[in-house]
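A.B. asks: Sequence first, predicted model second:
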Amino acid sequence: MPSTPDLQQRVYQLMEWLKGFRYIKFGLVGASGTVVNMAVLFVAQEYLFALIADPRQRLYASLALAIAVATVNNFTWNRLWTWADRVKAAHAHHEQLAHTRWTVITSQLGRYALASWLGIGLQYGLTLWLAHSLHYLLANVIAIVVASVSNFLANDRWTFRHHTPK
């Protein structure tokens with residue numbers, strides 16, 4: 001029979017292993033968000049904001065729209081899939097506090113947006129900077145990859161944090 005420290009170490013290793021699956025889910029959601037982001041960016045840059053003559057000025061608006069749409073997409077899928085277990089616990093916790101379902105969702109969306117601002121700012125600035133020397137779509141993909149790590153950590157530890165029963 002394993003001793004208590006051995007058992008604790010095994011449980012810790014198991015928890016670390018399981019976190020890897022959450023990050024994989026987060027990565028898959030992020031990949032879908034990248035597709036949404038790239039599609040919206042292309043359509044906005046080439047068609048929707050075509051009346052803006054200066055391509056650089058058009059890129060500012062196109063990129064802002066693409067990031068906003070992808071953020072809502074990613075929040076929805078991360079809430080429904082990546083952190084579904086924690087969302088259920090959060091709803092149970094908030095029901096005890098007499099909060100409505102919409103209160104919980106809007107609160108999480110607000111935290112998700114705030115937690116993602118670092119990544120969004122990093123993506124936006126890095127895309128604009130890299131677009132000086134690379135095609136804007138390639139610059140955007142590179143920036144998304146760089147920003148994804150900070151987004152995962154912030155959302156795992158704050159937006160969808162584990163609620164312990166009181």
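C.D. replies: Structure's in. What do you need?

A.B. asks: Determine the next helix or strand in the C-terminal direction from the longest helix along the chain.
C.D. replies: As assigned by DSSP state H, the longest helix anywhere in the chain is helix 4-43. Next along the chain after helix 4-43, taking DSSP states H and E as the criterion, comes helix 55-77.

A.B. asks: Just the buried positions in that following helix, please.
C.D. replies: Buried residues in helix 55-77, counting neighbours by 16 or more other Cβ atoms under 10 Å, are found at 58-59, 62-63, 65-67, 69-71, 73-75, 77. Where C-beta positions appear, they are placed from N, C-alpha and C, glycine not excepted.

A.B. asks: what distance separates the longest helix of the chain from the centre of its chain?
C.D. replies: Distance, stretch centre to chain centre, for helix 4-43: 11 Å (Cα atoms, centre = their mean, to the nearest Å).

A.B. asks: now it against helix 55-77, angle please.
C.D. replies: Comparing the axes of helix 4-43 and helix 55-77 via axes from the mean of the first three to the mean of the last three Cα atoms, to 10 degrees yields an angle of 140 degrees.

A.B. asks: List the buried residues in helix 4-43.
C.D. replies: Those would be 22-23, 25-26, 29-30, 33-34, 36-38, 40-42, for helix 4-43 by 16+ other Cβ under 10 Å.

A.B. asks: May I see the residues you listed arranged in TSV, with pLDDT and distance to residue 86 as well?
C.D. replies: TSV is the format used below for these (pLDDT from 0 to 100; distance: Cβ to Cβ, whole Å):
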residue	pLDDT	distance to residue 86
22	87	10
23	84	14
25	90	12
26	92	13
29	94	14
30	88	18
33	92	19
34	90	24
36	97	23
37	94	25
38	95	29
40	98	28
41	96	31
42	96	34
